[in-house]
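Enquirer: Any chance you could fold what I've pasted below:
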Amino acid sequence: LAQEVLTMVEDALEEGGHILSREKTCMMLTARDQSRKPIVKFKNGNDVAYSSTAKVLGVVFDELGTFKAHVDKVVKQMSKKVSVLRALAGRTWGQKADTLRTVYVTYILPNATYALGVYGAYLSNEQIDRIEKVHREAARVITGQLMSTGVDELLHSARLDSISSMITRETQKAYEKQLRQLGTNGHKAVTQDTCTSWKEVVENRD
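Expert: Below you'll find the predicted structure:
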């Protein structure tokens, strides 16, 4: 099937006067057993290379569907930007807490919340904790709270939700949107607690 699809894509591009970039084209097999990768060839006879990850609209997918590579990217991006946020929060001259929160919510937090309804429910608790750790670090920068401050108190002071609660909310919204696209009253289904699949994913993400 993959060979047929690739040939169709190449033919369609050629009809429009375009050429498929063979250097930028690769395949990824999403399966636990990676030993049976089919050989797929371009029309010129060269094999299509395999990749362990693939980025689709900013979300990094991996072979096992764990989103580990995507979490690595999110944590790296957020950590780098939180360092800049810390520089803006100088003890004697830094910005006010409201300003720091606005900067975080506008420019840093979207790294974690982007497409969260798509992949968030499939993350393990360990992966969520990695993002939560950077999230709490930013909350401490915003509020000036000590390391000994409890998580709930810290996030409340920063007026931030936990990443885990964001995952639940965004997954629910994504499920409702899917129901609407299928012609179902998504809001009614969600509020009546009849759509359970998103809950099952969240509750069993380990």
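Enquirer: T102: neighbouring residues, count only.
Expert: 13 (other Cβ atoms under 10 Å). Quick note: C-beta positions are derived from backbone N, CA and C, even for glycine.
Enquirer: which other helices and strands contact the top helix by length along the chain?
Expert: Ordering each helix of the chain by length in residues (DSSP state H) puts helix 68-88 first. For helix 68-88, the packing partners by 3 or more Cβ pairs under 8 Å, 6 or more residues apart in numbering; DSSP states H and E come out as strand 59-62, helix 97-103, helix 110-113, helix 125-143.
Enquirer: so how far is the last one from its chain's centroid?
Expert: Meaning helix 125-143. 15 Å (Cα atoms, centre = their mean, to the nearest Å).
Enquirer: highest average neighbour count across the helices and strands packed on helix 68-88?
Expert: Mean neighbours per residue, mean count of other Cβ atoms under 10 Å, is largest over the helices and strands packed on helix 68-88 for helix 125-143, with a mean of 20.
Enquirer: Which SSE is immediately downstream of that helix?
Expert: helix 151-158 (DSSP states H and E).
Enquirer: What angle do helix 125-143 and that following helix make with each other?
Expert: Going by axes from the mean of the first three to the mean of the last three Cα atoms, to 10 degrees, helix 151-158 is angled at 40 degrees with respect to helix 125-143.
Enquirer: surely S79 meets V134?
Expert: Yes: between S79 and V134 a contact is recorded at 5.5 Å, counting by Cβ atoms under 8 Å.
Enquirer: Quick one: residues contacting V84.
Expert: Going by Cβ atoms under 8 Å, 6 or more residues apart in numbering, V84 touches no other residue.
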